[in-house]
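> starting from these lines, generate the structure:
(chains A, B and C, ligands or ions: 4)
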Amino acid sequence: MSTATTHDEHHDHGAPSGLMRWITTTNHKDIGTLYLWFAFIMLLIGGAMAMVIRAELFQPGLQVVDPHFFNTMTTMHGLIMVFGAIMPGMVGLANWQIPLMIGAPDMALPRMNNWSFWILPFAGTMLLSTLFMEGGGPAFGWTFYAPLSTTFAPASTDFFIFAVHMLGFSSIMGSINIIATVLNMRAPGMTLMKMPLFVWTWFITAFLLIAVMPVLAGAVTMMLTDRNFGTSFFSAAGGGDPVLFQHVFWFFGHPEVYIMILPAFGVISEIIPTFARKKLFGYSSMVYATASIAFLSFIVYAHHMFTTGMPVAGELYFMYATIMIAVPTAVKVFNWTATMWKGSMTFETPMLWAIAFVFLFTIGGFTGLMMGIAPADMQYHDTYFIVAHFHYVLVTGALFAMIGAFYYWMPKWSGHMVSERLGKIHFWWSVISVNVLFFPQHFIGLAGMPRRIPDYSLQFADWNMVSSLGGFAFGLAQVFFLFIIIKTIRGGKAATSQVWEGAHGLEWTVPSPAPYHTFETAPEVR
Amino acid sequence: MFAKTLRRTLGVFLGALILLGAGNSFAGFSDTLNLREGVTAISNKVHDLHMLIFWICVIACLLVFAVLIYSIFTHRKSKGAVPADFHESTTVEIIWTTIPFLVLVAMAVPATTTLLAIEDTRDSDMSIQITGYQWKWKYDYLDEDISFFSTLATPREQIEGTAEKGEHYLLEVDNPIVVPINKKIRFLITSNDVIHSWWVPDLGWKQDAVPGFINDAWTELSEPGLYRGKCAELCGKDHGFMPIVLVAKTEEDYAAWVAEQKGAAAAAADAATQTLAMDELMSKGEAAYNTNCAACHQANGAGIPGVFPALAGSAIATGEVGAHIDIVVHGKAGTAMQAFGEQLGAVDLAAIITYERNAFGNNTGDMVQPADVVAAK
Amino acid sequence: MSSSNGGYYLPAPSHWPIVGSLGMFLLLFGFASYLHGSTSLIMIAGAAIIIVMLFGWFGTVINESLAGKYNNQVDVSFRMGMAWFIFSEVMFFAAFFGALFYARMYSVPWLGGASNNVMTNELLWPTFEAIWPTNGPAAVGGEYHPMGAWGIPAINTLILLSSGVTVTWAHWGLKKDDRTQLILGLMATVALGFLFLGLQAYEYHHAYTEMNLKLSTGMYGTTFFMLTGFHGLHVTLGATMLFVILIRSMKGHFTEEHHFAFEAVAWYWHFVDVVWLGLFVFVYWLV
Ligand code: HEA
Ligand code: HEA
Ligand code: CUA
Ligand SMILES: [Cu+2]
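Ligands and ions are numbered 1, 2, ... in the order given. Here you go, the predicted model:
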């Protein structure tokens, strides 16, 4: 396919430097870096909000913030982590790695790629600006159920709506770019079934994104008109239904959680074979499993709505469909296990994060399965059991995979090896504190503590304190991570091209750090 | 290096677990680890189902972990392991797709029967309509003509930390819902404003209260007792302060309670004809304002700008009395301001309105009497 | 590096994206402020910036294209981009069609007591009968007349269908390098597009002034105006893009083989057409 590339004539006069380089860049590596920094800053901001949540929940009673602001923190924490930290972080990985892994000179549509990124800071600003508006920021949960988010929400909600529109626009353009890159920019010989799994998972994720982000845009548009122009989508008086909002939202929302985890699966499927020095056990079944998960994700969404009063036939259907997702996910977990089995493993930092991922994601997956059982979910729903579930899949799942990816590919990006000693400290510090943080939430959830409350009755006091302490420790660990990142950028042992002994793939054939332009002449893949 | 660290951490973890287990028997952690068994046939079924799926998941999880841990400890380069070269096996893939599938079927069967039982609201003996309000519950006994609101009874001071927290902190209400035992009770659940969710864990389910729609649910208790629960759907600022207390009584006690309620309603109607003095109105008004209105308009009448209007200096609270009575009695449709005419007695309303017109620096000097409110209703 | 070696064209750094982001931010931020009583100037400034950006960005693309910098592989990337963009638009409409079907198949019947909602009707909306169209149990917006299918909507269907034919005819002309056919075809298509919009504007006017059918007429008015309104916006966009293509054709742009811009707009136009058919059937006809 791709043979050689041409650059615009301006290029010969030298690319812009300084700030303008970053603002106007069309280079996938620059854009990847921008995405990754944006995601990390958002992680710190969203994390700081989580610290406020945990500080308020440290003890029963109202100490730190008032209930309205607490709800704002919960809402903004969820939104910023999902749309600001995890998704852009994964897109950053895609930008850096996909062209390198398929032997392409760049993304298919480089100028649009820049736009996808540069919408984000504006959208983020719009979202965060709501915190300073009269009536406070959005305080209706990241799921913004109507009518709490329509008739009963503060004025800032309209700014929130437009921020979501912008985020969606950015995601759609980003995914179009990824699909076009994967389909159109592969080096000769790089057939679809030879693509690294990270590329596969992102390819499938991109389809999910294009299919569901517009639906989210539809949902917030309906909110906008219900709030300002007298429509009745979510009002029974006019023949609509508040629960309609939940249908539209979760049609987006459930695939959204797989959007966050599929690229993580891809990362893990790269790291484990490298450090087990053994081929991935079942490459094609991994591809099919990813595709099945993506397909199933469209038809299970109402498992978030078991208590809304759906007719019982609907509940049964959604219960059966939901638990079916365990089957392709099982294929994934078993494949990673089988890849490690009889391998020749070493435990560099990336591998540690990957192994922790497999263990802890599995725990989170199993609690998900329990919640898929509708009659049991009648008890679990909207308790801390859910909070524990999704932090196990999101924090020790998606976020751990991203951190693992950082340790794995950072030598390629920066040309410097990350200190193994610091990396291991970061790992053990995080993995212990994150369990102290989220494991007790299973207990208090089962014992009956609802989520999204600033204050709780006394029987939950002890575990909440434990959880908060774990939370502060985990937060500090990520500040330490910031230190590691900066230290590695500024120096460190020089990395070789291959970096890791067991690494295979095109990205390991180019020097470290990867030159500004790679694969201008396409590599030959056998 | 790695193995040592791992062993050490495992040690610490196990130690902590044992400590927790031991602590369990006497410390505050007891009773806060697992789902409650509850007190109805349904809640027991749900609990059994929960334990079943819990153990299936634990066992499956441990099996995977066992393989992983074994592999991590034996198949490592430092022990001289050489990588094997097996991959792609359709047989294996089929096996590990089929087994989880069968496990899922095993879970789905009891789940289906339990779900069908939960949703079967036919042949009930009595119906109670439950309506969620920001942030209280209203109970209408459809067969008895009894209707009342139920609000948080925990004093503000306990929440703000200026008083010792009571045993049932945040789980106590002024008027609990009372039901008879041995009757199949159907709950008709709806809401007046946003979505709430009515949840008493001991009954084994929760059900959302959706404005404009009625969701039904049922229960049948066999023992008298008092059960506590909470609103379980984010419903705005005071979502965390919207508890539920359910009291189950024997049939005789229940009948006595019903009679007492009807007597109280008649007494309230009587009281509406009395005339009160200013200081009486103000002191009654302050108390009633703080329980019913301060959640939104704040104890000092300042409101929350942009969300809940201030009453201090407000055009309505300092303007013409009729408009003030009207908005309090009838509320304002499509906003959080509810129609308090149906929630509070005429005496309380008169007192609240008088209070609002004379507190927070609103020195109108106006007095509103119960009769004025009755006239506006 | 020259552009003649058949390589994949990588554009130079560009300031248009950041201009676009800024324009979008100002437009939306300004709109939200405007909804809450602020000035409309920010919004207008944002829109102006976006228009400048569109001219600048597309201008750059057109120049690059005319300079022959885009090889076939680049062309394929563009095609995929447009195709998947249209797919995302399909999903946007799907959300609103979903709301329509949900109202017609679930929420309205439930309010009328269907399925597990017998008590909903009995206790909350005892006088409500579930028939479509409806403005809901509270008769939001008051008495109204539903919009019939066989007047303007049927004519509009014919108009859009013929415009699909004319744009294809123009494409045939382009492919055999018959400029007259190309330009005539495009002119007809643009004219039909604007005719459609004119008739729809008339229909809206009629609905508002004589039928008391408004955006706020319960679920019927809501779905009617949101679906037809978003469709109308897309027709406006499509017709404007067709107009640009018309001007470019008159300037002699495009070759028999290379005319992706034309095709992209034609695809878009067909998409708008298909959405209309869905609207005609489910919004106007099957009531
Ligand atoms: C990355 C994100 C992510 C992922 C991957 C998942 C994965 C799953 N989730 Fe989760 N979920 C969330 C993020 C995620 N979830 C979030 C954010 C929420 C809350 C939203 C909100 O309300 O705010 C939520 C809420 C949520 C609910 C709603 C609960 C409620 O509100 O009442 C449910 C209910 O069914 C559910 C189910 C599942 C299931 C069945 C899976 C499955 O995919 C899991 C499959 C994995 C396994 C089962 C483990 C591995 C398998 C094996 C080792 C094989 C052995 C298997 C068998 C023997 C069967 N999730
Ligand atoms: C997507 C990923 C994601 C991630 C990574 C996290 C990370 C964390 N989450 Fe979050 N969480 C969600 C997604 C996520 N969460 C979602 C979707 C919800 C639901 C929201 C809703 O109900 O609507 C939620 C809700 C949620 C709740 C429930 C709130 C409630 O129901 O009221 C809690 C409570 O403990 C919590 C805690 C935490 C903690 C302690 C972390 C920690 O991992 C955070 C670690 C901390 C840091 C990384 C920051 C470190 C920085 C500092 C310590 C200082 C730096 C200071 C400055 C920059 C000024 N989260
Ligand atoms: Cu009512 Cu939460
Ligand atoms: Cu889900």
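> phi, psi for the spatially closest residue to C:Ala114 that is not a sequence neighbour please.
Leaving aside its sequence neighbours, C:Ala114 sits nearest to C:Ala130 (C-beta to C-beta, 6 or more residues apart in numbering or on different chains; 6.7 Å). Backbone N, C-alpha and C define where each C-beta goes, glycine included. Backbone torsions for C:Ala130, taken as degrees, to the nearest 10, come to phi -80, psi 100.
> likewise C:Gln200?
phi -70, psi -40.
> what sits against it?
Contacts for C:Gln200 were tallied using C-beta atoms under 8 Å, 6 or more residues apart in numbering or on different chains; they are C:152, C:156, C:228, C:232, C:235.
> if I look at the residue of the stretch 51-200 of chain C found nearest ligand 2, how far off is C:Ala191?
Residue of the stretch 51-200 of chain C nearest ligand 2, by C-beta to the nearest ligand atom: C:Ala95 (21.4 Å). To C:Ala191, C:Ala95 is 32 Å away according to C-beta to C-beta, to the nearest Å.
> so between these two, which is more surrounded?
C:Ala95 (21 against 15; other C-beta atoms under 10 Å in any protein chain shown).
> so the spatially closest residue to the more buried one that is not a sequence neighbour is in which element?
Leaving aside its sequence neighbours, C:Ala95 sits nearest to A:Gly218 (C-beta to C-beta, 6+ apart; 2.7 Å). Under the criterion of DSSP states H and E, A:Gly218 resides in helix A:197-228.
> tell me what the helix or strand that comes right after that helix is packed against?
Counting by DSSP H and E, the next helix or strand C-terminal to helix A:197-228 is helix A:242-276. On a contact count with 3 or more C-beta pairs under 8 Å, 6 or more residues apart in numbering or on different chains; DSSP states H and E, helix A:242-276 meets helix A:87-102, helix A:197-228, helix A:283-297, helix A:326-340, helix A:349-372, helix A:384-393, helix A:400-414, helix C:72-102.
> format those as JSON lines; extra columns: distance to B:Ala315 and mean pLDDT.
Shown next, in JSON lines, are the helices and strands packed on helix A:242-276 (distance: least, C-beta to C-beta, whole Å; pLDDT from 0 to 100):
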{"stretch": "helix A:87-102", "distance to B:Ala315": "46", "mean pLDDT": "96"}
{"stretch": "helix A:197-228", "distance to B:Ala315": "24", "mean pLDDT": "96"}
{"stretch": "helix A:283-297", "distance to B:Ala315": "52", "mean pLDDT": "95"}
{"stretch": "helix A:326-340", "distance to B:Ala315": "59", "mean pLDDT": "95"}
{"stretch": "helix A:349-372", "distance to B:Ala315": "49", "mean pLDDT": "96"}
{"stretch": "helix A:384-393", "distance to B:Ala315": "43", "mean pLDDT": "97"}
{"stretch": "helix A:400-414", "distance to B:Ala315": "54", "mean pLDDT": "96"}
{"stretch": "helix C:72-102", "distance to B:Ala315": "39", "mean pLDDT": "95"}
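> pick the most buried one from those helices.
helix A:87-102 (a mean of 28; mean count of other C-beta atoms under 10 Å in any protein chain shown).
> in three-state terms, label residue 167 for me.
Using chain A here. At A:Leu167 the chain is in helix, as set by DSSP: H, G, I helix; E, B strand; the rest coil.
> that's the wrong chain, I wanted chain B
Once three-state DSSP is applied, B:Glu167 turns out coil.
> burial measure for the residue of the stretch 351-500 of chain A found nearest chain C, as a count.
Chain C sits closest to A:Ala374 of the stretch 351-500 of chain A, with a gap of 14.7 Å, by C-beta to the nearest C-beta. Counted with other C-beta under 10 Å, the neighbours of A:Ala374 add up to 30.
> ok, now B:Ser222?
11.
> and for the one 10 residues further on?
Neighbours of B:Ala232 under the rule other C-beta under 10 Å: 28.
> which non-adjacent residue is nearest A:Ile293?
Spatial nearest neighbour of A:Ile293, excluding adjacent residues (C-beta to C-beta, 6+ apart): A:Pro328 at 4.9 Å.
> please report the distance of the one you found from A:Ser175.
21 Å.
> again, but for A:Glu501
A:Glu501 is 34 Å from A:Ser175, by C-beta to C-beta.
> residue contacts, the residue in the stretch 151-287 of chain C that ligand 3 sits nearest to?
Relative to ligand 3, the nearest point of the stretch 151-287 of chain C is C:Met219 (25.9 Å; C-beta to the nearest ligand atom). Contact partners of C:Met219, counting by C-beta under 8 Å, 6+ apart, are A:232-233, A:238-240, C:103, C:107-108, C:134-136.
> so which of those are also by ligand 1?
Among these, not one lies near ligand 1 by C-beta under 6 Å from any ligand atom.
> state the helix or strand in which B:Val179 lies.
Following DSSP H and E, one finds B:Val179 within strand B:177-180.
> helices or strands next to that strand in the packing?
Counting by 3+ C-beta pairs under 8 Å, 6+ apart, strand B:177-180 packs on strand B:126-133, strand B:243-249, helix B:251-271.
> repeat that for 7 Å
strand B:243-249, helix B:251-271 (3 or more C-beta pairs under 7 Å, 6 or more residues apart in numbering or on different chains; DSSP states H and E).
> just want the angle from the longest one to strand B:243-249.
It refers to helix B:251-271. 120 degrees (axes from the mean of the first three to the mean of the last three C-alpha atoms, to 10 degrees).
> run through who's touching helix B:251-271.
The contact list for helix B:251-271 (C-beta atoms under 7 Å, 6 or more residues apart in numbering or on different chains) reads B:144, B:146, B:178, B:180, B:249, B:345, B:347.
> output the residues you listed in CSV; the columns should cover pLDDT and neighbour count.
Output for the contacts of helix B:251-271, formatted as CSV (pLDDT from 0 to 100; neighbours: other C-beta atoms under 10 Å in any protein chain shown):
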residue, pLDDT, neighbour count
B:Glu144, 86, 12
B:Ile146, 90, 18
B:Val178, 95, 22
B:Pro180, 95, 21
B:Lys249, 95, 19
B:Gly345, 84, 20
B:Val347, 86, 22
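> ok, the residues you listed vs A:Arg451, which is closest?
A:Arg451 lies nearest to B:Val178 out of those, by C-beta to C-beta, at 29.0 Å.
> list the contacts of the closest one.
Per C-beta under 7 Å, 6+ apart, neighbours of B:Val178: B:247, B:249, B:254, B:257.
> in ChimeraX, how would I select just the buried ones from the residues you listed?
Buried residues within the contacts of B:Val178, by 16 or more other C-beta atoms under 10 Å in any protein chain shown, are selected in ChimeraX with:
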select /B:249,254
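> ligand 3 next: which of the contacts of B:Val178 are close?
Among the contacts of B:Val178, not one lies near ligand 3 by C-beta under 6 Å from any ligand atom.
> can you name the two of the contacts of B:Val178 that sit furthest apart?
So, the contacts of B:Val178 by C-beta to C-beta: farthest apart are B:Val247 and B:Tyr254, at 9.3 Å.
> could you dump stretch A:37-46 to PDB, C-alpha only?
Extracted C-alpha coordinates of stretch A:37-46, given in PDB (Å, rounded to 0.1, in the frame of the first residue of the first chain):
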ATOM      1  CA  TRP A  37      -0.200  15.000  28.500                       C
ATOM      2  CA  PHE A  38      -3.700  16.200  28.400                       C
ATOM      3  CA  ALA A  39      -4.900  12.900  29.700                       C
ATOM      4  CA  PHE A  40      -2.400  13.000  32.600                       C
ATOM      5  CA  ILE A  41      -3.300  16.500  33.600                       C
ATOM      6  CA  MET A  42      -7.000  15.500  33.600                       C
ATOM      7  CA  LEU A  43      -6.100  12.500  35.600                       C
ATOM      8  CA  LEU A  44      -4.600  14.800  38.200                       C
ATOM      9  CA  ILE A  45      -7.600  17.100  38.200                       C
ATOM     10  CA  GLY A  46     -10.200  14.300  38.200                       C
END
